[in-house]
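Q: here is a sequence together with a model predicted from it:
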Amino acid sequence: MSAKDPTRIQKLFIGLPEGNNHSFFNEVGEISGVCPSCAAIALFNQAVACPSFGGSFKGALRGAAPVTTLIAGRGLRETLWLNILTADTIATHYPNTTAEQQPTWVVPLVAKGKYHIHEIGLMRGLFWQPARLELTRAAEDGYCDACHSKTETLYRTFDKEKFVYDLEGVWLHPHSPRQWDLKKGSRDRERYLSFTTSAPAWTQLNQYLMDRDTDAPALVVQQCRDLLPDQPIKLIVAGYRNKQASVTLRRHELFSIPLAWKDEPGITQLEKGLDFALAVRKLLRNKLYGFGKKSGATIQDASERQFDKRSELLVHTLFTEMARRERKAALTEFRSEVKYLAHQLFEQATAPYCHSPKGLATYTYFRNTFEAEIAALSQEK
């Protein structure tokens, strides 16, 4: 492969400031050389979990920025085993033994070719590499900027070339929740779950765990539910939020679900708590939007961000308390704390606009409707 201008290796490390990527806590040029091991990890992450390099570069099998959900064990070894598919699971969900199993760098894709999901075997799909890349070995040895180890083989740049193809269908990836629309009783527009808004990860927790009419959890989560139905779980949730080729948000969270899989009453209580918090979040935004429209101010976005940040601790506390005490009492306290947080944020956002008769009248109207509707939400069983 030959490229007009080699690309600096930092562009492989998603989210670092190189090209179109967004800078979080890293500096330009922070990663200038990497060892083969770190380069391999970066290549894998870029291929399966990240936005593409932009126009004329194909994205991952799961889409531009999919959510990844895995089961966490008591250590690295147990975590790996909990996320390995059993022979029975593979036979059930990947029955096509004639599908191509070789990775794309062994049996390459054809430029502008057309492929169907039944042609992609499990191994080929897991190690799917949609981009045409070639690492360029530096003339000297040195230290890896990622793991800081001494290496005889150092990569400072890579070449890439535009490469597209067509893929029909949605390949079943074992590490991501899926969702779809219902059209005349049939699935339509099937896709993988992604972080499309700034809402915290807990707002999609039902989709990570439960089978419903329009979504399904990751295959490894389903398998763990079937094989270990009486064991509470720890769920790893990770992914990026993107805007085309740019990464705007990183997510990596651990949720300790305090209930056993088949404890349906407990799961129902947990769902009620999360649904209540989501409803309050939406109500707070709507009321502040209405107030702001009357007052000539945009205040809903900042308050929503504060709600997201401060409610996350309440959600994790709910999980802990449901394992320690009577569930109904834990849920009642959680609802009370969510309501208090919403009222506090409403008062903080509207206070600067209440010094005129018009502003005070607008505040009174929206405060009263806010309190009435949040009270109605609290009455729902």
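A: Looks like it arrived, so ask away.

Q: show me the shaky parts of the stretch 51-200 of the chain.
A: Residues of the stretch 51-200 of the chain that meet the criterion pLDDT under 70 lie in 55.

Q: show me the helices in it, by range?
A: For the stretch 51-200 of the chain, the helices defined by DSSP state H, counting those that start in this stretch occupy 76-82, 87-93, 122-126.

Q: report the buried residues of stretch 372-381.
A: Ile374, Leu377 (16 or more other CB atoms under 10 Å). Any C-beta I mention is one placed from the backbone N, CA and C, and that applies to glycine too.

Q: what of stretch 162-181?
A: Result for stretch 162-181 [16+ other CB under 10 Å]: buried residues 163, 167, 170-180.

Q: please report the distance of the spatially most central residue of the chain from Gln306.
A: Central residue of the chain (CA atoms, centre = their mean): Val67, 3.3 Å from the mean position. Distance, Val67 to Gln306, using CB to CB, to the nearest Å: 24 Å.

Q: repeat for Arg327
A: 28 Å.

Q: out of those two, which sits in the busier spot?
A: Arg327 (20 against 16; other CB atoms under 10 Å).

Q: quick one: residues contacting that one.
A: By CB atoms under 8 Å, 6 or more residues apart in numbering, the contact set of Arg327 is Pro265, Gly266, Gln269.

Q: which residue ranges form the strands in the stretch 151-300 of the chain?
A: 155-161, 166-168, 178-183, 186-192, 215-216, 233-243, 246-257 (DSSP state E, counting those that start in this stretch).

Q: in the fourth one, which residues are buried?
A: Burial within strand 186-192, assessed by neighbour count using 16+ other CB under 10 Å, is assigned to Tyr192.

Q: now the longest one
A: For strand 246-257, burial by neighbour count (16+ other CB under 10 Å) applies to Val247, Leu249, Phe255, Ile257.

Q: and these, which is closest to Leu313?
A: Phe255 (12.9 Å; CB to CB).

Q: is it true that the closest one touches Phe319?
A: Yes: with contacts counted by CB atoms under 8 Å, Phe255 reaches Phe319, the gap being 6.8 Å.

Q: contacting residues for Phe334?
A: Contacts of Phe334 (CB under 8 Å, 6+ apart): Gly273, Phe276, Ala277, Leu314, Thr317, Leu318, Glu321.

Q: filter the contacts of Arg327 down to just the ones in helices.
A: Pro265, Gly266, Gln269 (DSSP state H).

Q: which one of these is nearest Gln102?
A: Nearest member of the ones in helices among the contacts of Arg327 to Gln102, counting by CB to CB, is Gly266, at 45.0 Å.

Q: any idea how far Ala277 is from the closest one?
A: For Gly266, the distance to Ala277 - CB to CB - is 17 Å.

Q: those two - which one has more neighbours?
A: Ala277 (25 against 18).

Q: can you read off the pLDDT for the more buried one?
A: Per-residue confidence (pLDDT) for Ala277: 94.

Q: show me what contacts it?
A: Ser311, Leu314, Val315, Phe334, Val338.

Q: next up, the contacts around the closest residue to Asp188 other than its chain neighbours.
A: The shortest distance from Asp188 to any non-neighbouring residue, by CB to CB, 6 or more residues apart in numbering, is to Asp181 (4.6 Å). Taking CB under 8 Å, 6+ apart, we find Asp181 in contact with Arg187, Asp188, Arg189, Thr214.

Q: I figured Ile267 hits Leu274, correct?
A: No: taking contacts as CB under 8 Å, Ile267 lies outside contact range of Leu274: 10.7 Å.

Q: re the thing from before, got the phi/psi numbers for the residue nearest to the centre of the chain?
A: Phi and psi for Val67, reported as degrees, to the nearest 10, are phi -80, psi 130.

Q: mind starting the numbering at 6 from now?
A: Right, with 6 as the first residue, what we last looked at is Val72.

Q: go ahead and confirm it touches Thr201.
A: No: if you go by CB under 8 Å, Val72 and Thr201 don't touch, sitting 10.1 Å apart.

Q: circling back to that earlier point, format the strands of the stretch 156-305 of the chain as a markdown table; extra columns: distance to Leu382.
A: Below are these laid out as a markdown table (distance: least, CB to CB, whole Å):
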| stretch | distance to Leu382 |
| --- | --- |
| strand 160-166 | 51 |
| strand 171-173 | 43 |
| strand 183-188 | 25 |
| strand 191-197 | 30 |
| strand 220-221 | 24 |
| strand 238-248 | 26 |
| strand 251-262 | 24 |
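
Q: out of those strands, nearest to Glu352?
A: Nearest of the strands of the stretch 156-305 of the chain (CB to CB): strand 251-262, 28.3 Å.

Q: that closest one versus strand 238-248: what angle between them?
A: Strand 251-262 runs at 170 degrees relative to strand 238-248, counting by axes from the mean of the first three to the mean of the last three CA atoms, to 10 degrees.

Q: what sits up against strand 251-262?
A: Contacts of strand 251-262 (CB under 8 Å, 6+ apart): 19-20, 25-27, 29, 55-56, 70, 72, 77, 200, 203, 206-207, 210, 213-214, 237-247, 275, 321, 324-325.

Q: how about the residue nearest to Val112 when sequence neighbours are not counted, what does it touch?
A: Leaving aside its chain neighbours, Val112 sits nearest to Glu105 (6.1 Å; criterion: CB to CB, 6+ apart). By CB under 8 Å, 6+ apart, the contact set of Glu105 is Val112, Glu124, Ile125, Gly126, Arg129.
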